[in-house]
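Trainee: Take a look and give me a structure for this.
(chains A and B)
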There are 2 protein chains.
Amino acid sequence: MKIVLKSPLDMHLHLRDADMLKNVAKYSSSCFAGAIIMPNLVPPITTIDDVKAYKNRIKEATKGDIFEPYMTLFFKDSYDYDFLKEAKNFVKAIKLYPTGITTNSEGGVSNFDIDNLRGTLEAMSELEIPLSVHGETDGFILEREQEFGKFYEKLAKAFPKLKIIMEHISDRHSVELLKEYENLYATITLHHLLITLDDVIGGSLKPHLFCKPIAKRYEDREALQEIALSGYKKIMFGSDSAPHLKEKKESFEGAAGIFSTPILIPALCELFDKNGKLENLQRFISDNAKEIYDIEPLEKEIIVEKNEFLVPKICDGVVPMLAGEKLLWRCQGESQ
Amino acid sequence: MKIVLKSPLDMHLHLRDADMLKNVAKYSSSCFAGAIIMPNLVPPITTIDDVKAYKNRIKEATKGDIFEPYMTLFFKDSYDYDFLKEAKNFVKAIKLYPTGITTNSEGGVSNFDIDNLRGTLEAMSELEIPLSVHGETDGFILEREQEFGKFYEKLAKAFPKLKIIMEHISDRHSVELLKEYENLYATITLHHLLITLDDVIGGSLKPHLFCKPIAKRYEDREALQEIALSGYKKIMFGSDSAPHLKEKKESFEGAAGIFSTPILIPALCELFDKNGKLENLQRFISDNAKEIYDIEPLEKEIIVEKNEFLVPKICDGVVPMLAGEKLLWRCQGESQ
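Mentor: Predicted structure coming up:
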């Protein structure tokens, strides 16, 4: 059995920089037609020159593949209309991080008063630049996303024409918000569809499944699966694949982030197939994103076949999700 | 400022075996007068010969120190009255593990029907051998202890004269049970008094704070602190200190267990002092255990002074809790 995916898109991706970029970019560019590239480098991407230079480095690292990096800026409440107007030519979204909440998010937003953000967000709304948000408070680990929901509601009400992307939703309460507010959209990762907190800390400790937002309860995973598998039009696939070298994960202080890129398409096919929803995968992995972001991706066809795929134990120094395990689908051309 | 602790006891300790035993035993025997030694070796301690031989190995590893290892057996529902009568001469408790729930707990109990356990537990009750329990179900990681509560209640009702020790309680619901049933007792660890799940996975991943039962919510820690600091007579200190080599913790699959022995007494003094409850520490760390277990520990005085203590980064290949951090108290004779 085979299926063809047209122009798959990863709407939330960390490609890092320098050697890591050179090592990991190919895992995305070989099987996706494009990806939203997160701006949380050190220092973060905050100028148009940063964007151009980073995009060039990504182009260089993905040379030979049909792959479009959709660039983003790291949100600052100091961005004004003129800057944003110019930026719109180079970026597809602006990513807001609460300060200190995840990898390289220092320098993010610490004052969540709407009035503090109004100037920048009104300009983005007028210019039709989507706001991408890492939605977590600094509360108890399992409740951070739910607590942030209040802020999503405030934003959605205060800026009704702003497209607000709730990134990597992991909590069933976010699914409810998504249905309630027209201008809220969301990405969902592969890992939040597959694992719960029990997979991370319920048996032995699994540092390669440790990420922010942390995987949650069974009922959260169920709510995410239900809406993603249905092909619901306000949901896009975004991997949040976030590579760290093996030694940064298996460490005294393990870094947050799951490197899922090498298994994304096979594992999504397996999940959708197992649930009898393969016909909705095209919407989840590309069509919904085209409409939400109003983009016309590069033409690319990925053929996936129902054939065993043994996940590598390590990819260029990074341990992928499900390392050493078997999947039931694989991309054509992928070695067994 | 100095205080003197009389015959401190660690009522829940993993000393392991072979090289690890030789390496870690001194951290306990230097500052405790005795400890309840857990039986979950590979294979577990299930015969009187096992007990005698293991006790001899511990005696050898702690030679020169005033230290009494109080031995235990690994619970089996096949133990009969005659065996238990003989065992009582050599052990202070029998430890029940649900199968597969923590390190080396394979071969534990899988059938929790009271009738299945009745023969052994009635004999233990008659012989006045305390039952020590690792109380977790195989449910969602944060609810395992709370779910096990139903079984504690069944046990407490079915065997009203059996002393049942709820080991390393970590959930506020266990504190409530303790108050409700006369024949329920508990140990509390240092780490469950100090940390929450946020310390383990809320920032970067901290494998050396990963243990079973997992550290829980702020309200759980608060309930545990309140009852431990009060000196409540049915609560004993039990460290559950469980050493694993650094490389088994900072690993693809991290082992569960916190090695807290090197910091126990200083950190407990700091906690009780900070809360103005130093006068209750003697009860928590020795006197309550003497009454509950009806033991007369070896005479030993440990002098602890309010003086900075820098926790070592590694102790014989094992990373201790709070490695590299500073404590405000230290045992006399401990290097700075």
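Trainee: buried ones in stretch A:321-328?
Mentor: A:321-323, A:327 (16 or more other CB atoms under 10 Å in any protein chain shown). Every C-beta, even on glycine, is put in place using the N, C-alpha and C of the backbone.
Trainee: what does it rub up against?
Mentor: Residues from elsewhere that reach stretch A:321-328, judged by CB atoms under 8 Å, 6 or more residues apart in numbering or on different chains: A:190-191, A:208-209, A:258-260, A:263, A:266-267, A:270, A:273, A:306-314, B:252.
Trainee: Buried among the residues you listed? Need that as a selection in PyMOL.
Mentor: Buried subset of these, written as a PyMOL selection, criterion 16+ other CB under 10 Å:
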select buried, (chain A and resi 190+191+208+209+258+259+260+263+266+267+270+273+307+309+311+312) or (chain B and resi 252)
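Trainee: Near chain B, which residues of the stretch 51-200 of chain A? Just list them.
Mentor: A:140-142, A:196-198, A:200 (CB under 8 Å from any CB of the partner chain).
Trainee: same thing but at 6 Å, please
Mentor: Within the stretch 51-200 of chain A, the residues that sit near chain B (CB under 6 Å from any CB of the partner chain) are A:141, A:197-198.
Trainee: and which of those residues is nearest A:F284?
Mentor: In terms of CB to CB, no member of those lies closer to A:F284 than A:L197, at 23.7 Å.
Trainee: and the nearest residue to that closest one once chain neighbours are set aside, what pLDDT?
Mentor: Of all residues not flanking A:L197 in the chain, A:A215 sits nearest, at 5.3 Å (CB to CB, 6 or more residues apart in numbering or on different chains). A:A215 carries a pLDDT score of 98 in this model.
Trainee: Was I right to think A:A215 contacts A:L193?
Mentor: No: A:A215 lies out of contact with A:L193 (CB atoms under 6 Å); the separation is 10.0 Å.
Trainee: The two: who's more crowded?
Mentor: Each of A:A215 and A:L193 has its neighbours counted (other CB atoms under 10 Å in any protein chain shown); A:A215 has more, 25 against 20.
Trainee: before we move on, the earlier item: looking at the residues of the stretch 51-200 of chain A next to chain B, which are in helices?
Mentor: Among these, the members falling in helices (DSSP state H) are A:L197.
Trainee: Report the buried members of the residues of the stretch 51-200 of chain A next to chain B.
Mentor: A:141, A:197-198.
Trainee: which of the residues you listed lies closest to chain B?
Mentor: A:I141 (4.5 Å; CB to the nearest CB).
Trainee: Counting neighbours, what do you get for the nearest residue to that closest one once chain neighbours are set aside?
Mentor: Nearest residue to A:I141, sequence neighbours excluded (CB to CB, 6+ apart): B:G202, at 4.5 Å. By the criterion of other CB under 10 Å, B:G202 has 19 neighbours.
Trainee: For beta bridges, what are the partners of the residue of the stretch 101-250 of chain A found nearest chain B?
Mentor: Ranked by CB to the nearest CB, the top residue of the stretch 101-250 of chain A for proximity to chain B is A:L205, at 3.2 Å. A:L205 forms beta bridges with B:G254, as assigned by DSSP bridges.
Trainee: which residues does it contact?
Mentor: B:207, B:210, B:254 (CB atoms under 6 Å, 6 or more residues apart in numbering or on different chains).
Trainee: could you list every residue that touches the last one?
Mentor: It stands for B:G254. Contacts of B:G254 by CB under 6 Å, 6+ apart are A:204-205, B:207, B:210.
Trainee: Quick check: ChimeraX command selecting the buried ones in those.
Mentor: The buried residues among those can be selected in ChimeraX (16+ other CB under 10 Å) with this line:
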select /A:205 /B:207,210
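Trainee: Let me have the contacts of B:G254 in CSV, extended by distance to B:K246 and pLDDT.
Mentor: Formatted as CSV, the contacts of B:G254 follow (distance: CB to CB, whole Å; pLDDT from 0 to 100):
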residue, distance to B:K246, pLDDT
A:S204, 15, 97
A:L205, 14, 98
B:P207, 9, 98
B:F210, 13, 98
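Trainee: Tell me which two in the contacts of B:G254 are the farthest apart.
Mentor: A:S204 and B:P207 (10.1 Å).
Trainee: Is A:T46 within a helix or a strand, and which one?
Mentor: Using DSSP states H and E, A:T46 is not contained in any helix or strand.
Trainee: related to what we said a few turns ago, nearest to B:L127 among the contacts of A:L205?
Mentor: Closest to B:L127, out of all of the contacts of A:L205 and judged by CB to CB, is B:F210, at 36.9 Å.
Trainee: buried sites along stretch A:223-242?
Mentor: A:223-225, A:227-229, A:231-232, A:234-242.
Trainee: for chain B, what are the nearby residues on the stretch 201-336 of chain A?
Mentor: A:201-202, A:204-205, A:207, A:210, A:214, A:250-251, A:253-254.
Trainee: low-scoring stretches of chain A, by residue?
Mentor: A:334-336 (pLDDT under 70).
Trainee: rerun at 80
Mentor: Applying pLDDT under 80 to chain A flags residues A:100-104, A:106, A:333-336.
Trainee: Now do the strands in it.
Mentor: For chain A, the strands defined by DSSP state E occupy A:2-6, A:9-13, A:34-37, A:68-70, A:72-74, A:93-96, A:131-133, A:164-166, A:184-188, A:235-237, A:301-305, A:309-310, A:326-327, A:330-331.
Trainee: Out of the ones you listed, the one nearest B:K92 is which?
Mentor: strand A:326-327 (47.8 Å).
Trainee: so how far is that closest one off the chain centroid?
Mentor: 23 Å (CA atoms, centre = their mean, to the nearest Å).
Trainee: Touching, A:L281 and A:D273? I think so.
Mentor: No: with contacts counted by CB under 6 Å, A:L281 stays clear of A:D273, the gap being 8.6 Å.
Trainee: As JSON lines, the strands of chain A with distance to B:E68 would be great.
Mentor: Shown next, in JSON lines, are the strands of chain A (distance: least, CB to CB, whole Å):
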{"stretch": "strand A:2-6", "distance to B:E68": "67"}
{"stretch": "strand A:9-13", "distance to B:E68": "58"}
{"stretch": "strand A:34-37", "distance to B:E68": "63"}
{"stretch": "strand A:68-70", "distance to B:E68": "67"}
{"stretch": "strand A:72-74", "distance to B:E68": "60"}
{"stretch": "strand A:93-96", "distance to B:E68": "60"}
{"stretch": "strand A:131-133", "distance to B:E68": "59"}
{"stretch": "strand A:164-166", "distance to B:E68": "58"}
{"stretch": "strand A:184-188", "distance to B:E68": "57"}
{"stretch": "strand A:235-237", "distance to B:E68": "61"}
{"stretch": "strand A:301-305", "distance to B:E68": "64"}
{"stretch": "strand A:309-310", "distance to B:E68": "53"}
{"stretch": "strand A:326-327", "distance to B:E68": "52"}
{"stretch": "strand A:330-331", "distance to B:E68": "60"}
